[in-house]
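Undergrad: I'll drop the sequence and a predicted model, then ask my questions.
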Amino acid sequence: MGFDFLIIYTFIIGLLLGSFYNVCIYRIPRDESIVFPPSHCTRCNTRLKVLDLVPVFSYVFLARKCRYCGEKISARYALVELLTGLVFAGLYIKYGLSFEFLKFAVMASFMIIIGLIDYDTTDVYTSITWGGIVCGLLLAIAGYFMGHSFMDRLYGALLGGGVITAIILLTKGMGWGDVEICTLGGIYLGFANSIVMLFFSFVLGGIIGIILMITGKKSRKDYIPFGPYIALGAIIGAMAGDVIVKWYWPY
C-alpha cells in the first residue's frame with residue numbers, strides 16, 4: 001500500500017484551522033469579534049497579508065517577529081497550529097474519513113479553544129461550551145440514524161458533568177465551568193471513553209499541579225485552571241480510549 005496523502009491534507013486543514021483558533025483564543029476573552037477586523041498585528045495594527053498568515057511557516061521565515069514593526073511573535077501561535085494539525089492527522093489515521101473523524105475533530109476544536117482560554121484567563125465562556133454541547137448533541141442525533149448509540153453519548157455527558165458536579169458539591173474545589181467542559185467531552189466520547197477523559201484529566205492535572213508547587217510557581221491556595229487537562233484527557237480519549245478501555249476491561 002502507498003502512502004495515504006489524505007494524512008497530509010488533514011494535517012494542513014488542522015494547521016489552517018489552528019490559525020483561526022488562535023484568533024478565537026485571543027479575541028473571545030477580550031469580547032472582540034472573531035471575524036472583524038481581519039488579522040492584524042496587535043502592536044502596530046497593520047493588516048497582515050497572506051504571506052504573513054501561513055501557519056507555522058510564517059512564524060519561522062519571519063524570524064518570529066512582525067515584519068512591519070518588529071514586535072516579537074509568541075511561539076504559542078505556531079504551537080497551537082501545529083498541535084491542531086497533529087490532532088487532525090492523528091484522528092484521520094485512527095478513523096479515516098468517517099463520521100467518527102468528523103465528530104472528534106469538532107470536539108478537539110472546541111477543547112483546544114476552551115482549554116487555552118481557561119489556561120490564559122481561568123475563565124470558561126458559556127457561549128463556547130454550550131456551542132460545543134449543542135454541536136455534540138446534533139452529532140449524537142445524526143449518529144443515531146447511522147447506527148450509533150445515542151444513549152451512550154448521553155450517559156457520557158451525564159458521567160462527565162456528574163462527576164465534576166459531585167466534586168464541587170462535596171469539596172468546592174472546582175468550578176462550574178469544568179462541569180460544562182466535561183459534559184461537552186462526554187457527549188462526544190460516550191460513557192467508556194469519558195472514564196478515560198476523567199482519569200487522564202485528574203492524573204495530568206495532579207502531576208502538573210505538584211510540579212508547579214514544587215517549583216514555587218503556584219501555592220496550595222492558588223487556583224490552577226483544570227480546563228486544559230480536561231481538554232487533553234478528552235483528546236486522549238478520542239485517540240486511544242478504546243484501546244485503553246480494552247486493557248482494563250477486555251470483555
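TA: Noted; the coordinates are in hand.
Undergrad: so who does Leu116 touch?
TA: Counting by Cβ atoms under 8 Å, 6 or more residues apart in numbering, Leu116 touches Ile25, Val80, Pro228. C-betas here are computed from N, CA, C, even on glycine.
Undergrad: try it again at 6 Å.
TA: Ile25 (Cβ atoms under 6 Å, 6 or more residues apart in numbering).
Undergrad: ok, and for the one helix or strand it maps to, which residues are buried?
TA: Leu116 belongs to helix 99-121 when assigned by DSSP states H and E. Of the residues in helix 99-121, those buried under the neighbour-count criterion (16 or more other Cβ atoms under 10 Å) are 100-101, 103-119.
Undergrad: what's the mean pLDDT across that helix?
TA: Computed over helix 99-121, the mean pLDDT rounds to 97.
Undergrad: likewise stretch 232-242?
TA: Mean predicted lDDT for stretch 232-242 stands at 96.
Undergrad: run the chain-centre distance for it.
TA: In terms of Cα atoms, centre = their mean, to the nearest Å, the centre of stretch 232-242 is set 11 Å apart from its chain centre.
Undergrad: cool, stretch 6-17 as well?
TA: The chain centre lies 16 Å from the centre of stretch 6-17; the measure is Cα atoms, centre = their mean.
Undergrad: give the buried residues for it.
TA: Neighbour-count burial for stretch 6-17, with 16+ other Cβ under 10 Å as criterion, is recorded at Thr10, Phe11, Ile13, Gly14, Leu15, Leu16, Leu17.
Undergrad: grab the longest helix from the chain for me.
TA: helix 176-214 (DSSP state H).
Undergrad: tell me the SS of Pro225?
TA: coil (DSSP: H, G, I helix; E, B strand; the rest coil).
Undergrad: what sits closest to it if chain neighbours are left out?
TA: Asp118 (4.4 Å; Cβ to Cβ, 6 or more residues apart in numbering).
Undergrad: and the next element down the chain from the lowest-mean-pLDDT helix or strand in the chain?
TA: Using mean pLDDT, DSSP states H and E, helix 57-61 stands out as the lowest-scoring helix or strand of the chain, at a mean of 87. As assigned by DSSP H and E, the chain's next helix or strand after helix 57-61 is helix 75-95.
Undergrad: with that, I have no additional questions.
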